[in-house]
Every structure is written in C-alpha cells, then in structure tokens.
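Chemist: Fold the following for me, if possible:
(chains A and B)
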Amino acid sequence: MTIDLTETTTGAIEDALRQARLRLGGVASGMVLTLVIVTDEGEQYDAVRAASAAGRQHPCRILVVIIRRPKERSRLDAEIRVGETSPGETLLLRMYGPLGQHADSVIAPLLLPDTPVVTWWPGAPPAVPAEDPIGALAQRRITDAAATDAPRQVLTTLAAGYHPGDTDLSWTRSTPWRSLLAATMDQPYGTVTGATVRAEEANPTADLIAAWLAHGFGVPAATEVSAGPGITEVSFGTSDGEIAITRPDGRVAHLRRPGQPERRVALHRRETTELLEEELRRLDPDEVYAEALAMLRPQLVPRPM
Amino acid sequence: MTAANPLRDPRDRRIPQVAGPCVLVLFGVTGDLSRKKLMPAVYDLANRGLLPPGFSLVGFARRDWEDEDFAQVTHDAVKEHARTPFNDTVWQQLSEGIRFVPGEFADDAAFDRLAQTVAELDTERGTGGNYAFYLSVPPRFFPDVVAQLKRSGLSSPQPAPDGRRPWRRVVVEKPFGHDLASARELNEIVNSVFGSDSVFRIDHYLGKETVQNILALRFANTMYEPIWNRSYVDHVQITMAEDIGIGGRAGYYDGIGAARDVIQNHLLQLLALTAMEEPVSFDAASLRAEKEKVLSAIRIPEDLATGTARGQYAAGWQGGVEVPGFLEEEGIAPDSHTETYAAVRLGVDTRRWAGVPFYLRTGKRLPRRMTEIALMFQRAPHLPFAATDTQELGQNALVIRVQPDEGVTVRFGSKVPGSAMEVRDVNMDFAYGESFTENSPEAYERLLLDVLIGDPPLFPRHTEVELSWEVLDPVEVFWREHGKPEQYPSGSAGPPGAQALMARDGRSWRRL
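Modeler: The predicted structure follows:
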C-alpha cells in the first residue's frame, strides 16, 4: 500500500509505518539494511526500481531523498510504500526549501537500528562523499562516475576525496573482467612487460582496470579508445607473447594466449540492479579499490585521444 | 614463470576463486542426482562465472547417444532444475564443451575412447590435462571404473611440456560402504589408483551454509562457547526427518536402511561439528584432526535394546495423501527387516561432554522434512518464582536449523505481559534468508567448485568414514540378531520405541 503524508515530520512517518505494519500483519523484522538514495525527481524512478529489485530477496528499508525548490519555505512530504510492491519499506522523502540543506536530520531518525547504512548517489555525487551530511551517516557510500557528464573528471575528484567505505559503480562494473583476468593469470605466463585496456571513450571502468593491472604487475598499463560497447579488449605483453581477452559484442569474451587454443567464455555487461547487489554484499572498506583509485590520480590527467 | 598471481589479492573479495582449466567426467549421467543436482550445479557455476574458459563436461553411460543427445539431456536438466536464470550465451559456451562417450564399464574400447575424448578436449579447448572423475554410480561398479581408469592411463597424468603436473581427482558419493569392512575395501580400491588427497567424498550436508556456520557460531563468538559443555547442556538432539518414503529407490534402500543411509554420514558429521574442540586453524588437516578425535570418543549405549530404536513406516496418511507402508512398496520383500526410522543415544567421552547424551534420529514418512541440531540446556538451578508462574517455562534451547529455513533459534523464558509474574517460552530467531544481502550457494555448487579448485576442508576423509562405521557397526549387528523394526503409521512422529527411549531418560523428542 502507499501512504501519502504532506507537510509531515519523521515522528508522523514512524507512526504511519508502525500502523501499516500492524495492518499488514507484522513485516517489521528481518530487514537487512537501510539504503539511502540521494537523487532527484527525474532519476528517482529508475533508481528506486533498481534498488527494489536488488532488495527483492533481502528486504531493506529504502529512503529516497529528493530535494526540491530550495527557495520555498521548508516542508517535508513523504510517500510510504509497504507491502505488495516491494519486499521491504520504501520511503520517498521530498524536502522543500532550506530543509533540503538538512536532509540528514530527516534521515537519521528513520535509519533501522543495528543494521548497516548505505548511501547511493545514482547521479552527480558530492566531491567528498564521506563529508556529505548524508554520506556521513553511512558506512558504505556508492557513487557512479559513469552516470555523470564528465566521468573521468568526477572519478579524479572522488579519488582526491576518497575515504574508506567509498565505492563507485564503475569499479563494480570491472568485477567480471577482473575475475576473468585473475583466472587467466592463474595459469603460467612469461614476464609481463605491459598491459593495454581498450574501451569506448570516457569509460572510467577501463581506467580503473588499467590502474589495477599497473598496481598488480608494476608495469605501465595504457588505455586506448575503441568503438565499444564498453570495454572491448584487455591485453598483456609478456616475454612469451601476447595474452589477450577480446569482447567485441559485449557478451562473449575470446581468450587467446601463446601456444594454446582460443577459448571463449560468457562475459556479459550487467544491469544496475546486479551492480547494486554486488555492492550491497560488501559492507567493509574495499582496499583494492582504494589502491587502484590512488594509482589513477597521477595518470588520469589529459590523455592522448 | 611467476609463483604468485599478482592479481589475486586476499583482500579482494569481489573476485571469486575460479577453477583452473579442467574437464569434469561424469559417470552415471542417467541418474537422478546427475539430472537434478550435478548438471544444474555445473550450469549455475558457469552462470556465476566460476568455471574457467574452456571448461568441458564429458558424460559416460550405457546409452546410444551422440554428443548432441547428451547436451540436450543436460539442457533439459538445467532448464528444469538450475537456480540461476537461463542465459543463452552461458549455455552456448558450456554446450560447446559437452561430449558423450557411450559404453559399459567392462568395455576397454569405451575407456580408450574416453581417454581420446579428453585428450582432444585438451588440445581443442585448452583444458590442460586436468580431469575430475565423478563416480555417480553404485559402489559395486567402483572396482571396474577405477581399474579402467588405471588401465587406460587416465588416472596417471603425464607432465606437461612446461613441467607442471596436471591433476586427477575422483569424487565419490555416499554410501561409503555398508560397514567398516566394506568401507575399507572400497577405500583400498580407490586408493590403489588415486592418492588419498585426490579422493573427494561428497556429503552434501557439509556443503550447507548452516553446517559451516556451526563453526562460526561456536568459534567466532564469545557468548556460546562458555555454555557449550556439560555444565550447562542437558542433552543434544540431532534430527533429520523426511516426509517422503523410499520412492523408487527400493533397490538401493533395502538392506541399507535409515541408520546406514543417514546416521553414519550426515548425523555423525553434525555431531562431530557440534561436539568437537576448537581446531587450531581452519585448514583441512586441523579440522579433520578435531573431528576424528571426537568421533573416536563416541560411546554407544551399553544396552542396545533400550538405547536404540528402529521402525518401518506402515500405511497411513502423510500430508493429506494416503500412502502405502514400507513392506508394501514395490521391490521390498514383505519380510524385510530394513529400518526406515532409526534413533540412538550416544555418549561422547570427553571432559566437555561426559554424561551428556546425544540423541540422533532419522526417519522417512514423518510429518515434515526437517533437519536440526538442538542443544537443550539444563533448567535454572533455582527459580525465585512461584511454581504456577513458571509452568509454561521449558528448557532453554539453542536450535541450529539445517533445513528448511536455514538459521538459528534461541528459546528462552520471558515474562508474559500483564500484572501477574508469569514466565513463558519465547523464540529469538536468526534466519539466513533475512540477514544477508548474499544468497547461500547450493550445497552441490559449493562442493563441486571445491573439487575443481582442489580445496578439501569440506570433504570427509576415510578415517572419519571408518570411525563412523565403528560407531554404527555394533548397532547394526545387534539389530540383525534381535527382533525386527516396529511399525509406525506414515505421517506420525516415529515408532513407540523411540518415544520410550526418551521417556526412560525422563526426556522427550522435540516436536517434528
């Protein structure tokens, strides 16, 4: 059911939630975490949809912060969805006027006790997520540089303002690739002399993979522009010859290495829901991301196109 | 050549451990287990990206099939039983590596064709000469299969040109024999060809999340271990109840029975994990050492007539369906003494458990399907309440639910709301499904991946198997020589003898 509360307070929202639970027969327990989504009216639909799908098997409380009309007088409108539509509780909180600057005062009382808090900015993130008032409430902060107008600049900014607990979906997108690369390098290979990542223009995931490879092998790793979709190739120069994984169609990867038959493996691009699921699985700082991000900072500034 | 892979960082938990290039050779592809569990598990692993590029699956059976027929059988099994959604690209990749070799276990030529097939896969798909042989066949075929694997050279890998030695692993399912002597014999047959590090015995219970959680619950926390002993625990009940009958498994089940089928492996493993001391580390050797210690400390009741119970389900109503009795099932002799229900009281002779009985029970056609370990605690030594106030206060209990609804329940007394001081039992519940954003992997998925990676902690070694038979053998001998199983109506909680066993000790079974 959906409950609309206009010009309301967090106390009234809690009361409404309690009553809704009573009426539905007690769905209160068993929520895994609180996910705070900071978004705007235009993006909220997709974001809530992805989050609800990610939370389908593991009910969570989703708090959606929508800041509107900063010039008006302060006002809080809440739209509460519980029951049929989603497994947990979804609260759309629209904040008008100066209240928008104090969204944390609305969010803090609505966080579930004794469970983790995750904040997600589906669009433009703050420069330093951990110092953002809502980001500060969370132990994990998810940004998405690729969803902004200037992915690589945003990623550089995020790198400069990194705090443990930060993560970016462009890093999450790299997992299937990194997993395949790690498995590839489980087999014996010669000395690695360099690596190249080819991807569609302005792909922050390619930058992160290159940084991760450079950090792992201690060799230069370049990024080159290709027609896409997404990342199309990662190759290693080794003393035994080239090891290359190509994925021209965004679905199947071809693995070539010296003296061995070509092997193919499914490597599909993933939906936001899947990315979010992966992120919500992990609730502690990701040191490997931190190291890749740190590698990125010097090399990210202008790159020959 | 580099020793460690710099892309594998133990802190990087996003990247799963992926199996190296290999071939899985499946014997007994026409069985239920293959279709319902193994093939879907292979697909689910592929879908999660946990199988290596080039991974290949070879089926071997007495069927006049081509590769495509086997691929079709696998396809149908995957579509019907896989847990992850069906993805055409993943299936395409997987099906390219599917082969079938028709033949009988006595047929030399068939095994030569098998050897040739896997060798071709090595060159075509780069599987690197690593083979896992999954023997999903009755143990009476083991000698033939193992001898053939040896004869055809499949069991002895040739070093690769780069000097690496490919691996060979063999996977066997329960039953690991039907008594100590046959278990030893089976083990000798398999070990004559494969080293004991290459033999993986699958007890799918050990692949379950809750079972592994017993160790986390006990050894990662501070609040349980202090009371996990004879000073606080009154007794322990370990139950595996099934609602189904023997189905079409008369041939396997008759002569085996509930104790050999379930107690010897699943329940004794659960007992070992519940009762063992803290291992010095979580590597396979340390875990095994503790499990073997506790298994060797198990003591059976002095009087087996009162310390054990067994039964056969009679005709009746189970879950709203009228069902036949065990002796009326097709393929079962009308005078069969095979038990479908077994219960036994065991002691564990250690300082921690002296005097604490462990009651194990398992049965078919019981009211519902359920597996759990329940630690029943002693009553409080003194209750500062009037007797009437605590009438509904039972024993505190900690229940580890293995299936269904994997999780843990703590049962304790709490004040009933109102003006009177009345205390009644309440539950505090932890459910796996509601507490994590991760999903539990299916037990077979987990175990199959561990075999392909070569990670042994979840697989019992032959010493454990033999120790378990040493516990059960005297019980089986006693049963064979004395009387016959009691009848219990299908859908009931078991034979009267099992209730009497508990009643004699002043206790009762937990409700099923």
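
Chemist: after the helix or strand bottoming out on mean pLDDT in chain B comes which helix or strand?
Modeler: When the helices and strands of chain B are scored by mean pLDDT, DSSP states H and E, helix B:432-435 comes last with a mean of 76. Remark: after helix B:432-435, the chain's next helix or strand is helix B:443-453, criterion DSSP states H and E.

Chemist: Just to check, residue B:300 is in contact with residue B:477?
Modeler: No - contact criterion C-beta atoms under 8 Å: residue B:300 and residue B:477 do not qualify, at 11.0 Å. Quick note: C-beta positions are derived from backbone N, CA and C, even for glycine.

Chemist: Between these two, which has more neighbouring residues?
Modeler: residue B:300 (19 against 12; other C-beta atoms under 10 Å in any protein chain shown).

Chemist: Against residue A:200, how distant is the more buried one?
Modeler: Distance, residue B:300 to residue A:200, using C-beta to C-beta, to the nearest Å: 69 Å.

Chemist: Ok, residue A:156 next?
Modeler: Counting by C-beta to C-beta - residue A:156 and residue A:200 are separated by 19 Å.

Chemist: Who has more neighbours out of these two?
Modeler: Neighbours were counted for residue A:156 and for residue A:200 using other C-beta under 10 Å; residue A:156 has more, 19 against 15.

Chemist: Next up, phi/psi of that one, please.
Modeler: Per-residue torsions, residue A:156: phi -60, psi -40 (degrees, to the nearest 10).

Chemist: same check, this time on residue A:211
Modeler: phi -60, psi -40.

Chemist: How much space separates it from residue A:219?
Modeler: Distance of residue A:211 to residue A:219, given as C-beta to C-beta: 12 Å.

Chemist: Put the alpha carbons of the longest helix along chain B into CSV.
Modeler: Identified as the longest helix of chain B according to DSSP state H is helix B:462-481. Taking Å, rounded to 0.1, in the frame of the first residue of the first chain, the C-alpha atoms of helix B:462-481 are listed here in CSV:
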residue,chain,number,x,y,z
HIS,B,462,38.5,-42.2,5.0
THR,B,463,39.5,-42.1,8.7
GLU,B,464,36.3,-40.2,9.6
VAL,B,465,34.3,-42.6,7.5
GLU,B,466,35.8,-45.6,9.2
LEU,B,467,35.4,-44.1,12.7
SER,B,468,31.7,-43.6,11.9
TRP,B,469,31.3,-47.2,10.9
GLU,B,470,33.0,-48.3,14.1
VAL,B,471,30.2,-46.5,15.9
LEU,B,472,27.4,-47.9,13.9
ASP,B,473,28.6,-51.5,13.2
PRO,B,474,27.8,-52.9,16.7
VAL,B,475,24.3,-51.4,16.5
GLU,B,476,23.7,-53.0,13.1
VAL,B,477,24.9,-56.3,14.4
PHE,B,478,22.6,-56.1,17.4
TRP,B,479,19.7,-55.2,15.2
ARG,B,480,20.3,-58.0,12.8
GLU,B,481,20.4,-60.6,15.7
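
Chemist: burial measure for the residue nearest to residue B:176 when sequence neighbours are not counted, as a count.
Modeler: Leaving aside its sequence neighbours, residue B:176 sits nearest to residue B:465 (C-beta to C-beta, 6 or more residues apart in numbering or on different chains; 4.6 Å). Residue B:465: 25 surrounding residues under other C-beta under 10 Å.

Chemist: ditto for residue B:167
Modeler: Residue crowding around residue B:167 was assessed by other C-beta under 10 Å; the count is 17.

Chemist: Likewise for the one 10 residues further on?
Modeler: The tally of other residues near residue B:177 (other C-beta under 10 Å) stands at 21.

Chemist: what bits of chain B have low per-residue confidence?
Modeler: B:1-3, B:162 (pLDDT under 70).

Chemist: check contacts around the residue lying closest to residue B:440 once chain neighbours are set aside.
Modeler: Distance criterion C-beta to C-beta, 6+ apart; nearest residue to residue B:440, sequence neighbours excluded, is residue B:209 at 4.2 Å. Taking C-beta atoms under 8 Å, 6 or more residues apart in numbering or on different chains, we find residue B:209 in contact with B:406, B:432, B:440-441.

Chemist: I'd like these as JSON lines, with distance to residue A:132 appended.
Modeler: Formatted as JSON lines, the contacts of residue B:209 follow (distance: C-beta to C-beta, whole Å):
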{"residue": "B:406", "distance to residue A:132": "38"}
{"residue": "B:432", "distance to residue A:132": "34"}
{"residue": "B:440", "distance to residue A:132": "35"}
{"residue": "B:441", "distance to residue A:132": "36"}
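
Chemist: Next, residue A:192: phi, psi?
Modeler: According to degrees, to the nearest 10, residue A:192 has phi -80, psi 130.

Chemist: That should have said residue B:61, apologies.
Modeler: phi -160, psi 170.

Chemist: what's the distance between the closest residue to it other than its chain neighbours and residue B:134?
Modeler: Spatial nearest neighbour of residue B:61, excluding adjacent residues (C-beta to C-beta, 6+ apart): residue B:29 at 4.9 Å. Counting by C-beta to C-beta, the separation of residue B:29 from residue B:134 is 9 Å.

Chemist: now the helices for chain A?
Modeler: A:10-24, A:44-54, A:103-107, A:151-160, A:169-172, A:175-184, A:204-217, A:272-281, A:287-300.

Chemist: care to break chain A down by domain?
Modeler: If you go by automatic domain parsing, the domain ranges for chain A are A:2-169, A:175-266.

Chemist: Can I get these in TSV including distance to chain B and mean pLDDT?
Modeler: Shown next, in TSV, are the domains of chain A (distance: least, C-beta to the nearest C-beta, whole Å; pLDDT from 0 to 100):
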stretch	distance to chain B	mean pLDDT
domain A:2-169	3	90
domain A:175-266	4	92
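
Chemist: In the chain, which residue sits furthest out from the middle?
Modeler: I'll assume chain A. Centroid-distance maximum for chain A: residue A:259 at 38.7 Å, with C-alpha atoms, centre = their mean.

Chemist: Actually, chain B is the one I wanted.
Modeler: Chain B, farthest from centre, C-alpha atoms, centre = their mean: residue B:419 at 49.5 Å.

Chemist: quick one on the thing from earlier: is any part of the least confident helix or strand of chain B close to chain A?
Modeler: Yes - against chain A, helix B:432-435 shows contacts by C-beta under 8 Å from any C-beta of the partner chain at B:433-435.

Chemist: and the contacts of residue B:209, which are buried?
Modeler: Buried subset of the contacts of residue B:209 (neighbour count, 16 or more other C-beta atoms under 10 Å in any protein chain shown): B:406, B:432, B:440-441.

Chemist: Next SSE downstream of whichever strand or helix holds residue B:79?
Modeler: Using DSSP H and E, residue B:79 falls within helix B:67-81. Counting by DSSP H and E, the next helix or strand C-terminal to helix B:67-81 is helix B:88-95.

Chemist: what angle separates that following helix from helix B:67-81?
Modeler: 140 degrees (axes from the mean of the first three to the mean of the last three C-alpha atoms, to 10 degrees).

Chemist: In contact with residue 216, which residues?
Modeler: Assuming you mean chain A. Taking C-beta under 8 Å, 6+ apart, one finds B:6-7, B:9 in contact with residue A:216.

Chemist: Chain B was what I was after
Modeler: With C-beta under 8 Å, 6+ apart, residue B:216 has no contacts at all.
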